[in-house]
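1. just need the structure, nothing else, for what follows:
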Amino acid sequence: MSEGRTTAAAITAKAVASFEDCGDPRLRELMQALVSHLHAFAAEVELGEDEWRSLIDALTATGRITDERRQEFILWSDVLGLSMLVDALVRPPDGATESTVLGPFYMPGAPLRAYGESMAEEPAGTPAWVHGRVLSNRGEPIAGAELDVWQNGADRMYAVQRPEAPEDHLRGRYRTLDDGSFAFVAVRPVPYPIPHDGPVGQMLAATGRHPWRPAHLHLIVRADGFRSVVTHIFDSASEYLDSDAVFAVKPSLVRSFVERSADDPERPPGIEGPWASLELELVLTPGADTGNVLDPGRTA
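-> Numbers count the residues shown, from 1 in each chain. Next comes the predicted model:
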């Protein structure tokens, strides 16, 4: 007597049950849910073997292109909206500056720079004087807070994308003064395309999506006794604010850069020619980090 044909539901049930003996309850929950949803996706779209092989090839290519300067897996997470979904699932503390995606170009260990010092190791665009204060949600200044800042230049590239660029170009860490104030010289950011010469770019082209991001600065703000914030500051005059390739724009993070002339009497020392200024108030709330923020020593 022949046995009945194995069904898709039976395969899923067996795969889910294989994790029952996992001693870590959270890991068991994650793996069983992953298998259930992954199998449900394949069944819903009736995934063909050739399509399955294409997915495997894309993951293989992603691993090959990922290195210490480029994180294609994070890029996949970003363009599929997963990074922002995870961000949205973490309820922001009341009154804190809103968070957004880390992005694929963060590198720990940026140099600690002096108050008002420039991040540009070589000419990189219109100088931007960025200044303001880091405050608690009660409005109290936070002394000794750290701003870990990185950005692209007028060439639309981050230093990690340019092997010939100085390693510390357009990135730096700054400490707030006793009154919570900070200042540094950046360059006015410009829109740029995320890397689209790899598997992620192939997907975007195949699906009719563009790879562009609006102009922004990246910041991680940290202080002892407060919850860290990973965030962007977007230029309100930028293109692509309504169609960011990684869905990271939040209205509260859109700010105005003020254009200044070369002879402006408020021009800070060391800035030549036309420049811009940006004033920021960054707010942290008391508490400990919840594991969703990179610490300075962790690799991206």
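2. hey, where'd the strands end up in the stretch 151-300 of the chain?
-> 171-175, 181-187, 192-193, 212-213, 216-222, 229-235, 254-255, 258-260, 275-284 (DSSP state E, counting those that start in this stretch).
3. can you check the stretch 1-150 of the chain too?
-> Going by DSSP E, counting those that start in this stretch, the stretch 1-150 of the chain shows strands at 127-136, 146-150.
4. who are the packing partners of the longest one?
-> Translated: strand 127-136. Secondary-structure packing of strand 127-136 (3 or more Cβ pairs under 8 Å, 6 or more residues apart in numbering; DSSP states H and E): strand 181-187, strand 275-284. Where you see a C-beta, it was placed from the backbone N, CA and C, and this is true even at glycine.
5. where in this protein is pLDDT low?
-> Of all residues in the chain, those with pLDDT under 70 make up the ranges 1-3, 92-93, 290-300.
6. residue closest to the middle of it?
-> L102 (1.9 Å; Cα atoms, centre = their mean).
7. would you agree that residue is in contact with S77?
-> No: L102 lies out of contact with S77 (Cβ atoms under 8 Å); the separation is 9.8 Å.
8. buried sites along the helix ranked longest in the chain?
-> Longest helix of the chain, by residue count under DSSP state H: helix 25-45. Using 16 or more other Cβ atoms under 10 Å as the test for burial, helix 25-45 gives M31, Q32, V35, H39, A42.
9. ok, so of those, who is nearest R260?
-> Relative to R260, the closest of those is M31; by Cβ to Cβ it sits at 55.0 Å.
10. close enough to count as contact, the closest one and C22?
-> Yes: shown here, M31 and C22 form a contact pair, counting by Cβ under 8 Å, at 6.8 Å.
11. still on that earlier bit, how about the residue nearest to the centre of the chain: what's its closest non-neighbour residue?
-> Spatial nearest neighbour of L102, excluding adjacent residues (Cβ to Cβ, 6 or more residues apart in numbering): V230 at 5.4 Å.
12. CSV please, covering the strands of the stretch 151-300 of the chain and showing distance to W150 and mean neighbour count.
-> Output for the strands of the stretch 151-300 of the chain, formatted as CSV (distance: least, Cβ to Cβ, whole Å; neighbours: other Cβ atoms under 10 Å):
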stretch, distance to W150, mean neighbour count
strand 171-175, 4, 21
strand 181-187, 10, 21
strand 192-193, 13, 19
strand 212-213, 14, 22
strand 216-222, 5, 24
strand 229-235, 11, 24
strand 254-255, 17, 17
strand 258-260, 22, 16
strand 275-284, 16, 19
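13. in CSV: those, plus distance to T126.
-> Shown next, in CSV, are those (distance: least, Cβ to Cβ, whole Å):
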stretch, distance to T126
strand 171-175, 18
strand 181-187, 6
strand 192-193, 15
strand 212-213, 18
strand 216-222, 13
strand 229-235, 11
strand 254-255, 16
strand 258-260, 9
strand 275-284, 6
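14. right, so of these, which gets closest to R53?
-> strand 192-193 (28.4 Å).
15. partner strands of the closest one, with direction?
-> strand 212-213 (antiparallel) (DSSP bridges).
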